[in-house]
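J.: give me the fold of what follows.
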Amino acid sequence: MTVGKDVSALFPDVVNCMQTDNLELKKLVYLYLMNYAKSQPDMAIMAVNTFVKDCEDPNPLIRALAVRTMGCIRVDKITEYLCEPLRKCLKDEDPYVRKTAAVCVAKLHDINAQLVEDQGFLDTLKDLISDSNPMVVANAVAALSEIAESHPSSNLLDLNPQSINKLLTALNECTEWGQIFILDCLANYTPKDDREAQSICERVTPRLSHANSAVVLSAVKVLMKFMEMLSKDLDYYGTLLKKLAPPLVTLLSAEPELQYVALRNINLIVQKRPEILKHEMKVFFVKYNDPIYVKLEKLDIMIRLASQANIAQVLAELKEYATEVDVDFVRKAVRAIGRCAIKVEQSAERCVSTLLDLIQTKVNYVVQEAIVVIKDIFRKYPNKYESVIATLCENLDSLDEPEARAAMIWIVGEYAERIDNADELLESFLEGFHDESTQVQLQLLTAIVKLFLKKPTETQELVQQVLSLATQDSDNPDLRDRGYIYWRLLSTDPVAAKEVVLAEKPLISEETDLIEPTLLDELICYIGTLASVYHKPPSAFVEGGRGVVHKSLPPRTASSESTESPETAPAGAPSGEQPDVIPTQGDLLGDLLNLDLGPPVSGPPLATTSVQMGAVDLLGGGLDSLIGGPNFVAPPAAAVPANLGASMGSGLSDLFDLTSGVGTLSGSYVVPKAVWLPAMKAKGLEISGTFTRQVGSISMDLQLTNKALQVMTDFAIQFNRNSFGLAPAAPLQVHAPLSPNQTVEISLPLNTVGSVMKMEPLNNLQVAVKNNIDVFYFSTLYPLHILFVEDGKMDRQMFLATWKDIPNENEAQFQIRDCPLNAEAVSSRLQGSNIFTVAKRNVEAQDMLYQSLKLTNGIWVLAELRIQPGNPSFTVRLPAPALPALGCLLPCAGQPLLPSLLPRAGVSLMGALAQLGWGPSEPDVNEHQNSEPSFQLSPIRLPR
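T.: Down below sits the predicted model:
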């Protein structure tokens, strides 16, 4: 039988041997029965009487052997005779028999689930969780877990604090496999609060020092899951992080196969909580005798742990790896250097220098990988490292891999204006156009169109040639379609073509292979299983529905939602739970699509006298990380719709209601609605709006128009950090789907308790609006008078003392023209916008109004307004120790300020903000006059 011979003919003779008293012989007979009972079910019935008799034998080993064998014989006729002996064995006085019977219930349930439920075995199994013997408890848990997986809807493991306490007590005494069953069961439990989670963690932590790696990983799974509920401010949280590192490091000293499993699990853990292993970089350094699969996995984890603190060490290692003989490992090492440059900005220059050194080795595959990663570095840091282009082009002829050729073509096309012979370089690729891969052909087509848009007179023949090759001579539908799009764009609207082809590109991703957060949370729940090795949920590789249960981490408690300290965050990523995934071309809109934009947390106003760097930012790094980083340059004025000027600010003349605005004597001036986001830039969604302040409440009045052909739903809105902390005070409520050609008006309440960051200009607001189609970004300038608070009238004595303290040289003046109002009307109209008249006097037939206003962040502004009866021009004089000239904040309606006043206003503004920590105390005046980059790159001619 055991050597593959069919001995089923001996079945009757073997059954006769069941009556023996010899235990070893009885085991062999039972083994034979298990093997052949299914093929001869009628004869297997002959053994039933012996089974029933053995279940009552005085020897517990024979009782356990009988019930185990009956459970393994998968014959329907025998199962009905099994019930009574099984019931007795479940309540047997010997724990060995009980633990065997517990497993038998799971086997019987697999054969006939209805029978098990009817006989009440499940309730008996639940009672065994309270058994005094730890092995019985472990087997009962294992059996219930097995049954629950095949029937996810049944709530068999209804765990509560009392049963959890019994499981934890049994955990210390049962075997290693029993510990694994109990730990896996604990991982499926959700504690009622953080105190219970901490208590469980404290009792599970000793399992981290177990000799069995499966026990260690199961314990890590429980701790990783329950850490979600612990506050990061707790001392225990930091202690737990320190305790998790040594067992994971110990796993890496095992044989290579176990190392690989450990590394795949560590990869998940590092993505979720990089702080656990941030000081253990050296254990991931590659050894010369590591198998290639271990080397590649270690390399991946090294990049995830790279930070400004250890980048020098990491780069030195990677440079060594790049000189190895294993081609796959060398390629990954070179690519890892590029990923370091993208992840840790401070190391970018050193990484580029290292890559150039590797290019000088002239090793073909090293050079090609280096060119691919340098292209990514150009995308991450535009206008910074382009001086290396000449070195790259020296190796142009040696490029034979499609990805490297495509990367080089992209570089030439992107920086064509700086390369004198860019047309010659691209023409050299064009000679064998049809022999190139699709990737290279598509890149070459785009690069030549870019070149044409930058140098139209010199490259007309070249662009016609490539368009002809792509549309008339190609069978590839992707290439042909792109060619036709470019051809029609160029022939109908060259300006639109330039905006499309030469549009600003999104930042390249720091971590292109980060697992999506929801999937990562699910995989953390499967640490120590096959899912954690595949990095796929079980549903992706388990056939059928059996055994596939979707799991997720427990919800975070309010006390555990404090933001992570910058010291524990990985370099290059914002402080927080997850490193920010900057969207790639395939996922341009990033995590905002998945944001649960619930109502903002209300609370007391935050102190705004300093920049609130610790405030929670729902967009990860803020909108600036998605649209160009902290040095993001706003689009040129030509790209701004003409009617946007109405929203540029609320001038004093506007406050006097000289324009078409909606102004009343009893309320704050309202700027007319302007189009903030044209439909052509938002896939058919047009957004118009304005800002208002009424009775102390600020609101954004939006008008959403659907000019697309599909229904729009699921609207949400998010602001980037801004100078005055403006943020939505409630979610964006669009109560019904927005049908095509439908318009809806919404008033979104705002508050000023959001995160603060100095913007340029000061009243710039960057907004993201999400719907079911996409996420759209736009900038607008809010009128600063919406920030003027109702208690802005300064005491007369304080006004006089403050005014006298201001040196004359700190004052600014400007004129307001064509304002046919008298002093009383002006005072009344300004008071409607919370600009208060503190005092009034008449000097030399001129009315002098002394005004005060107060901003939401507590800053005061003082002004003197001179009005000559019969003269429609007013003079405004402002001192500026605490805030800039009002002219900087409130431009005149319909006309810019006098150029001579702008520099002074800018200096006053920056000087005042320096006291708040918002900027330098003495900025360069020219920075307000010219937003263009201050450097120039002279053209370079590259070798062909």
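J.: okay, now the domains of the protein?
T.: As given by the TED database, the domain ranges for the chain are 1-158, 401-503, 674-785, 788-895.
J.: what's the first-to-last distance across the second one?
T.: Distance between the two ends of domain 401-503: 28 Å, counting by C-alpha to C-alpha, to the nearest Å.
J.: and that domain, how far from the chain's centre?
T.: Chain-centre distance of domain 401-503: 34 Å, with C-alpha atoms, centre = their mean, to the nearest Å.
J.: for the longest one, same thing?
T.: Distance of domain 1-158 from the chain centroid (C-alpha atoms, centre = their mean) equals 51 Å.
J.: if we can go back for a sec, so which of the domains of the chain is nearest Arg339?
T.: domain 401-503 (15.0 Å; C-beta to C-beta). Backbone N, C-alpha and C define where each C-beta goes, glycine included.
J.: what mean pLDDT would you report for the closest one?
T.: For domain 401-503, the mean pLDDT works out to 88.
J.: before we move on, back to that, same list, the domains of the chain, but as TSV with mean neighbour count please.
T.: Listed next are the domains of the chain as TSV, based on neighbours: other C-beta atoms under 10 Å:
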stretch	mean neighbour count
domain 1-158	17
domain 401-503	18
domain 674-785	18
domain 788-895	17
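J.: Pro247 is nearest to which of these?
T.: domain 1-158 (21.4 Å).
J.: for the domains of the chain, which one sits closest to Leu519?
T.: Judged by C-beta to C-beta, the one of the domains of the chain that comes nearest to Leu519 is domain 1-158, at 19.3 Å.
J.: turn the domains of the chain into JSON lines, columns for distance to Leu234.
T.: Shown next, in JSON lines, are the domains of the chain (distance: least, C-beta to C-beta, whole Å):
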{"stretch": "domain 1-158", "distance to Leu234": "29"}
{"stretch": "domain 401-503", "distance to Leu234": "47"}
{"stretch": "domain 674-785", "distance to Leu234": "25"}
{"stretch": "domain 788-895", "distance to Leu234": "33"}
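J.: what's the closest of these to Pro538?
T.: domain 1-158 (9.9 Å).
J.: before we move on, the earlier item: tell me which of the domains of the chain sits nearest to Glu173.
T.: domain 1-158 (4.1 Å).
J.: so what's Pro191 scoring on pLDDT?
T.: 87.
J.: can I assume it sits in a helix?
T.: No - counting by DSSP: H, G, I helix; E, B strand; the rest coil, Pro191 is not found in a helix; it is coil.
J.: next one: the residue nearest to Gly528 when sequence neighbours are not counted from Val137, what distance?
T.: In this structure, Gly528 finds its nearest non-sequential neighbour in Leu217, 3.4 Å apart by C-beta to C-beta, 6 or more residues apart in numbering. According to C-beta to C-beta, to the nearest Å, Leu217 and Val137 sit 21 Å apart.
J.: same check, this time on Ala47
T.: Distance from Ala47 to Val137, by C-beta to C-beta: 32 Å.
J.: apart from its chain neighbours, what residue comes closest to Asn364?
T.: Ser398 (5.8 Å).
J.: that neighbour: what's it in contact with?
T.: Going by C-beta atoms under 8 Å, 6 or more residues apart in numbering, Ser398 touches 362, 364, 367-368.
J.: now do the SS call for His735.
T.: Under three-state DSSP, His735 falls in the coil class.
J.: ditto for Cys340
T.: Cys340 - assigned by three-state DSSP - is helix.
J.: residues near it, how many?
T.: Around Cys340 there are 24 other residues, counting by other C-beta atoms under 10 Å.
J.: use 11 as the first number for this chain going forward.
T.: Okay, residue one is now 11; in that scheme the one you just asked about reads as Cys350.
J.: from what I can see it touches Ile313, true?
T.: Yes - between Cys350 and Ile313 a contact is recorded at 6.6 Å, counting by C-beta atoms under 8 Å.
J.: can I assume Leu872 sits in a strand?
T.: Yes - Leu872: assigned to a strand according to three-state DSSP.
J.: does it touch Phe809 like I think?
T.: Yes - in this structure Leu872 lies within contact range of Phe809 using C-beta under 8 Å: 6.7 Å.
J.: what's the overlap in contacts for those two?
T.: Shared contacts of Leu872 and Phe809, counting by C-beta under 8 Å, 6+ apart, come down to 860, 862.
J.: and the residue lying closest to Ala74 once chain neighbours are set aside, what's its pLDDT?
T.: Distances taken as C-beta to C-beta, 6+ apart place Thr110 nearest to Ala74, at 4.1 Å, with adjacent residues excluded. Here the pLDDT value assigned to Thr110 is 91.
J.: one step back: out of the contacts of Ser408, give me the two with the largest separation.
T.: Of all pairs in the contacts of Ser408, the most separated under C-beta to C-beta is Lys372 and Gln378 at 11.4 Å.
J.: would you state the strands of the stretch 711-860 of the chain in chain order?
T.: 726-729, 737-738, 753-761, 774-780, 785-791, 821-826, 846-853, 856-864 (DSSP state E, counting those that start in this stretch).
J.: surely the residue nearest to Ala74 is within a helix?
T.: Yes - membership of Thr110 in a helix is supported by three-state DSSP.
J.: wait, what's in contact with it?
T.: Here Thr110 is in contact with 74, 77-78, 99, 149 (criterion: C-beta under 8 Å, 6+ apart).
J.: Arg492 too?
T.: So Arg492 contacts 452, 455-456, 480 (C-beta under 8 Å, 6+ apart).
J.: try 7 Å
T.: Counting by C-beta atoms under 7 Å, 6 or more residues apart in numbering, Arg492 makes contact with 452, 455, 480.
J.: tell me the one of those residues nearest Tyr199?
T.: Leu452 (52.0 Å).
J.: tell me which other helices or strands the helix or strand containing that closest one touches.
T.: Using DSSP states H and E, Leu452 sits in helix 448-464. With contacts taken as 3 or more C-beta pairs under 7 Å, 6 or more residues apart in numbering; DSSP states H and E, helix 448-464 sits against helix 412-424, helix 432-440, helix 470-481, helix 487-502, helix 504-511.
J.: where does the stretch 261-410 of the chain dip in pLDDT?
T.: Applying pLDDT under 70 to the stretch 261-410 of the chain flags no residue at all.
J.: need the helices for it, in chain order.
T.: 266-282, 302-315, 321-331, 337-353, 358-369, 374-390, 399-403 (DSSP state H, counting those that start in this stretch).
J.: need those helices in CSV (columns: distance to Glu206).
T.: Below are the helices of the stretch 261-410 of the chain laid out as CSV (distance: least, C-beta to C-beta, whole Å):
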stretch, distance to Glu206
helix 266-282, 22
helix 302-315, 32
helix 321-331, 40
helix 337-353, 38
helix 358-369, 46
helix 374-390, 45
helix 399-403, 59
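J.: out of the ones you listed, nearest to Pro741?
T.: The nearest among those, by C-beta to C-beta, is helix 266-282 at 28.2 Å.
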